[in-house]
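*Asks:* Let me see the structure of the following:
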Amino acid sequence: MYFNDIEEILAVVIAVAILGGFVVSTIHDMKATIAEEKQKFKEKKEAEEKAKELIDYIDTKANLIDSIVKTTKKLEKKKNNSV
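*Replies:* Numbers count the residues shown, from 1 in each chain. Coordinates of the predicted model:
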């Protein structure tokens, strides 16, 4: 079965259109995937920042508690030495 010139040109145009559609679809999917990965990275960064902030807060609280304990012990020691 042979095609005439118009049919061959039409077949080539359709094939190019199909390939173009695949390329466009692939590029669209890649952009969507990259956007998702960027969002995940941003969320991970935010979670890490929150964790660091929480660790700093806990460290500060621990230091405060330690200083209160030391001060309480000193006061008790002074009280016992005074009596």
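
*Asks:* need the helices for the chain, in chain order.
*Replies:* All helices of the chain, identified by DSSP state H, fall at 5-82.

*Asks:* in it, which segments are predicted with low confidence?
*Replies:* 1, 83 (pLDDT under 70).

*Asks:* Nearest the geometric middle of it, what residue?
*Replies:* Residue closest to the average C-alpha location in the chain (CA atoms, centre = their mean): residue 41, at 2.4 Å.

*Asks:* do you know how far that one is from residue 35?
*Replies:* 11 Å (CB to CB, to the nearest Å). C-beta: built from backbone N, CA, C; applies to glycine.

*Asks:* repeat for residue 74
*Replies:* 59 Å.

*Asks:* Same check on residue 69?
*Replies:* 51 Å.

*Asks:* swap in residue 6?
*Replies:* 43 Å.

*Asks:* what's the answer for residue 56, then?
*Replies:* 32 Å.

*Asks:* repeat for residue 17
*Replies:* Separation of residue 17 from residue 35 (CB to CB): 27 Å.

*Asks:* same thing with residue 8?
*Replies:* For residue 8 relative to residue 35 (CB to CB), the value is 41 Å.

*Asks:* ditto for residue 81
*Replies:* Separation of residue 81 from residue 35 (CB to CB) stands at 69 Å.

*Asks:* okay, these two: which has more neighbours?
*Replies:* residue 35 (10 against 7; other CB atoms under 10 Å).

*Asks:* contacting residues around that one?
*Replies:* Residue 35 makes no contacts at all, as judged by CB atoms under 8 Å, 6 or more residues apart in numbering.

*Asks:* All good on my end, thank you.
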